[in-house]
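Engineer: whatever this is, show me its structure:
(chains A and B)
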2 protein chains.
Amino acid sequence: MLRKGYYDYSIDSRDTDYTGHATLTAMCHYILEAAAEDADLNGFGVADLNCGNCSWVLSRMAVEFGRRLSKNDRFTVRTWVSDVSRMMTTRNMTITAEDGSHVASAVTLWAIIDLEKRIAVDVRPFIDCSKAVIAEPMPIEKPCRIGQIETRQSAAHQVAYSDIDFNRHVGSLKYMEWMLDMLPEEYFEKKQAGRVDINFLHEARYGQTVAINYEQRDESLFEITDNDGQAMCRASFRWRDTQQ
Amino acid sequence: MLRKGYYDYSIDSRDTDYTGHATLTAMCHYILEAAAEDADLNGFGVADLNCGNCSWVLSRMAVEFGRRLSKNDRFTVRTWVSDVSRMMTTRNMTITAEDGSHVASAVTLWAIIDLEKRIAVDVRPFIDCSKAVIAEPMPIEKPCRIGQIETRQSAAHQVAYSDIDFNRHVGSLKYMEWMLDMLPEEYFEKKQAGRVDINFLHEARYGQTVAINYEQRDESLFEITDNDGQAMCRASFRWRDTQQ
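Structural biologist: Have a look, this model is predicted:
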């Protein structure tokens, strides 16, 4: 069995919002950071895949949140791969605060793409499943498929330098940031996230103009579309009232 | 003499841009993070000032850059206060990579404001100068005053949730991010920053619409203004060609 990863982080000044709590995007950043660190350590990180002109692509993510963290709080992300099928890898995370309390659990689904042909390829040659997979169940329900939404509110955004990552594509968490920026202020003051599901469908690129579409049902639903109306990213945020 | 601060950090995935180098905003983040940590440790941090219903406000900053950092690079920020006058404190930084090479030097000027009256107050009662000041010269020329610019290009932005910090005001480095997003792509590919000067004049708040105005002379000049044309932040970026 390969290394079963535990990764320690702490909340710094840019991770918190005006309520003093760590933002959803900051928490998801650490989830993805732990995924990257663990894949690197186990020989199937981005650098390893790049040698074969391939790369990881995050396809879906679900996170359920427990207690919120504040500045300087230390926490540990535990991550493990529970399943490797032909086209998809399932990687799980549980986040625990220093005092042992539950902060979040996540399930992420990853594909591998050929960087030149831009198509998904068989994941299995890259990972030694007999060593990499830990047969432990997912900590929460796997990320659901989110359907088209009825747009009630929409904002336009032109993809800029600060939005793009090492791939020249919009970083996964930028979509989430754009979505959260559409919400009324009361969501940050009176509510906290219960569960978030995100589907990544098509990558947005530098210079492209995208629409961030929002519909409020029981949950907050978002769909980011390109100029042709093609969905690039969809997400659902379920909230619960904050107990003060 | 109080603790002479050395603070260790490393470049993580969100600190780099598509060229693989740490962004200017990431480097400035660590400069401000070290300032905050050092003030905390020496008894005049934001939490200490908040007890007297006051807070630090960054007034001006200048940074000169040496070699650029990449993902996982470790570095040390050394910071010290070189001067405390009635209305302003001068805090310096030098950043050194793990191999001893020079990464950046900075001079920052800070005022203290009364949070209720929103006016600057005497800095000296908050700091024991005989202990806090290290009589060592500034590592670079102090931040210059930047005048009004001739707007050649302008973009509008509505201040959103992800822009604001614990104070409900736009975080200092968001202004810099908005400015960099106005630059043509070639600046990130063919040039690197030599020196950056920023003047913070008025804080932008949640929901406000601001204009980011840009003029290219020998340096890149920016001015962020509110709806009445009042300047909120001005900056000058001087570039040099990247040797690859």
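
Engineer: residues of chain A that sit close to chain B?
Structural biologist: For chain A, the residues in contact with chain B (C-beta under 8 Å from any C-beta of the partner chain) are A:12-14, A:16-18, A:20, A:23, A:25, A:29, A:32-33, A:36, A:160-162, A:164-168, A:171, A:173, A:177, A:180-181, A:183, A:185, A:188, A:206. Quick note: C-beta positions are derived from backbone N, CA and C, even for glycine.

Engineer: and those residues, which of them are buried?
Structural biologist: A:12-14, A:16-18, A:23, A:25, A:29, A:32-33, A:36, A:160-162, A:164-165, A:171, A:173, A:177, A:180-181, A:183, A:188 (16 or more other C-beta atoms under 10 Å in any protein chain shown).

Engineer: filter the residues you listed down to the ones in helices?
Structural biologist: Using DSSP state H, A:Thr25, A:His29, A:Leu32, A:Glu33, A:Ala36, A:Leu173, A:Glu177, A:Leu180, A:Phe188 are the members of those that sit in helices.

Engineer: which residues of chain A fall in strands?
Structural biologist: A:5-10, A:54-65, A:74-84, A:89-97, A:102-114, A:119-121, A:153-158, A:191-200, A:209-216, A:220-225, A:231-241 (DSSP state E).

Engineer: circling back to that earlier point, can I get the ones in helices among the buried ones among the residues of chain A next to chain B in CSV including pLDDT?
Structural biologist: Formatted as CSV, these follow (pLDDT from 0 to 100):
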residue, pLDDT
A:Thr25, 97
A:His29, 97
A:Leu32, 96
A:Glu33, 94
A:Ala36, 94
A:Leu173, 95
A:Glu177, 97
A:Leu180, 98
A:Phe188, 93
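
Engineer: turn those into JSON lines, columns for distance to A:Arg68.
Structural biologist: As requested, these are arranged in JSON lines below (distance: C-beta to C-beta, whole Å):
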{"residue": "A:Thr25", "distance to A:Arg68": "13"}
{"residue": "A:His29", "distance to A:Arg68": "15"}
{"residue": "A:Leu32", "distance to A:Arg68": "19"}
{"residue": "A:Glu33", "distance to A:Arg68": "19"}
{"residue": "A:Ala36", "distance to A:Arg68": "24"}
{"residue": "A:Leu173", "distance to A:Arg68": "17"}
{"residue": "A:Glu177", "distance to A:Arg68": "18"}
{"residue": "A:Leu180", "distance to A:Arg68": "15"}
{"residue": "A:Phe188", "distance to A:Arg68": "11"}
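
Engineer: of these, which is the nearest to chain B?
Structural biologist: Lowest distance from chain B to these (C-beta to the nearest C-beta) belongs to A:Glu177, with 4.8 Å.

Engineer: quick one: the lowest-mean-pLDDT helix or strand in chain A to chain centroid distance?
Structural biologist: When the helices and strands of chain A are scored by mean pLDDT, DSSP states H and E, helix A:129-132 comes last with a mean of 82. Helix A:129-132 sits 24 Å away from the centroid of its parent chain (C-alpha atoms, centre = their mean, to the nearest Å).

Engineer: what helices and strands are in contact with that helix?
Structural biologist: Here helix A:129-132 touches strand A:74-84, going by 3 or more C-beta pairs under 8 Å, 6 or more residues apart in numbering or on different chains; DSSP states H and E.

Engineer: only the C-alpha atoms, please, for the strand it packs on, written as CSV.
Structural biologist: Output of strand A:74-84 as CSV, limited to C-alpha atoms (Å, rounded to 0.1, in the frame of the first residue of the first chain):
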residue,chain,number,x,y,z
ARG,A,74,-4.8,24.5,12.0
PHE,A,75,-6.4,21.5,10.3
THR,A,76,-5.6,18.3,8.6
VAL,A,77,-6.8,17.0,5.2
ARG,A,78,-6.8,13.3,4.9
THR,A,79,-7.2,12.0,1.4
TRP,A,80,-7.4,8.6,-0.3
VAL,A,81,-8.3,7.1,-3.7
SER,A,82,-11.2,4.7,-3.3
ASP,A,83,-11.9,3.7,-6.9
VAL,A,84,-10.1,3.8,-10.2
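
Engineer: avg pLDDT for it?
Structural biologist: Confidence over strand A:74-84 (mean pLDDT, whole number) is 96.

Engineer: the inter-axis angle of that strand versus strand A:102-114?
Structural biologist: If you take axes from the mean of the first three to the mean of the last three C-alpha atoms, to 10 degrees, strand A:74-84 sits at 50 degrees to strand A:102-114.

Engineer: now do strand A:74-84: distance to the chain's middle.
Structural biologist: The answer for strand A:74-84 is 13 Å, by C-alpha atoms, centre = their mean.

Engineer: check stretch A:226-237 too.
Structural biologist: For stretch A:226-237, the distance to the chain centre is 15 Å (C-alpha atoms, centre = their mean).

Engineer: quick check: phi and psi on A:Gly171?
Structural biologist: phi -60, psi 140 (degrees, to the nearest 10).

Engineer: so who does it touch?
Structural biologist: A:Asp163, A:Ile164, A:Asp165, B:Arg14 (C-beta atoms under 8 Å, 6 or more residues apart in numbering or on different chains).

Engineer: same check on A:Asp12?
Structural biologist: A:Lys71, A:Asn72, B:Glu33.

Engineer: check A:Thr76 too.
Structural biologist: Here A:Thr76 is in contact with A:Tyr6, A:Tyr7, A:Asp8, A:Tyr9, A:Ile95, A:Thr96, A:Glu98 (C-beta under 8 Å, 6+ apart).

Engineer: dig out what A:Trp110 forms beta bridges with.
Structural biologist: Per DSSP bridges, the residues bridged to A:Trp110 are A:Leu58, A:Thr89.
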